[in-house]
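Enquirer: need a structure here:
(one chain, ligands or ions: 1)
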Amino acid sequence: MSTKPQQPLPQQVNVDISQADDVKCDECGHDVFIPVFMIKKVRGIMSPNGQEMITPVRELVCNNWGQVK
Ligand SMILES: [Zn+2]
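Expert: Down below sits the predicted model:
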């Protein structure tokens, strides 16, 4: 399992995306990633409203995940 690269998903910005660099997987060099969610449990003491809450955290994993030793 790879948690790299931790890039934010693309936003609507005025750049020519074709001029941007491809980000490749550190482990296998694959350049396609899948968004996944980790689930974090926020304890009441850390929460703004004092209630325990479940918060998804988005990560990207390599599309080749599971095929690489
Ligand atoms: Zn990979």
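
Enquirer: Can you give me every residue that contacts Thr55?
Expert: Each residue near Thr55 by Cβ atoms under 8 Å, 6 or more residues apart in numbering is listed here: Ile39, Lys40, Lys41, Val42. Placement of C-beta: from N, CA and C, glycine included.

Enquirer: Surely it is in a strand?
Expert: Yes - judged by DSSP: H, G, I helix; E, B strand; the rest coil, Thr55 forms part of a strand.

Enquirer: re the thing from before, can you redo the contacts of Thr55 as JSON lines with neighbour count?
Expert: Listed next are the contacts of Thr55 as JSON lines, based on neighbours: other Cβ atoms under 10 Å:
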{"residue": "Ile39", "neighbour count": "8"}
{"residue": "Lys40", "neighbour count": "10"}
{"residue": "Lys41", "neighbour count": "10"}
{"residue": "Val42", "neighbour count": "13"}
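
Enquirer: Of these, just say which sits nearest to the ion.
Expert: Sorting these by how near they are to the ion, with Cβ to the ion, puts Ile39 at the top with 22.8 Å.

Enquirer: distance between the helix or strand containing the closest one and the chain's centre?
Expert: Following DSSP states H and E, one finds Ile39 within strand 33-42. Relative to the mean C-alpha coordinate of its chain, strand 33-42 is positioned 7 Å out (Cα atoms, centre = their mean, to the nearest Å).

Enquirer: For that strand, name the packing helices and strands.
Expert: strand 53-62 (3 or more Cβ pairs under 8 Å, 6 or more residues apart in numbering; DSSP states H and E).

Enquirer: Can you tell me which residues in the protein are near the ion?
Expert: Listed as neighbours of the ion in the chain under the rule Cβ under 5 Å from the ion: Cys25, Glu27, Cys28, His30, Cys62, Asn64.
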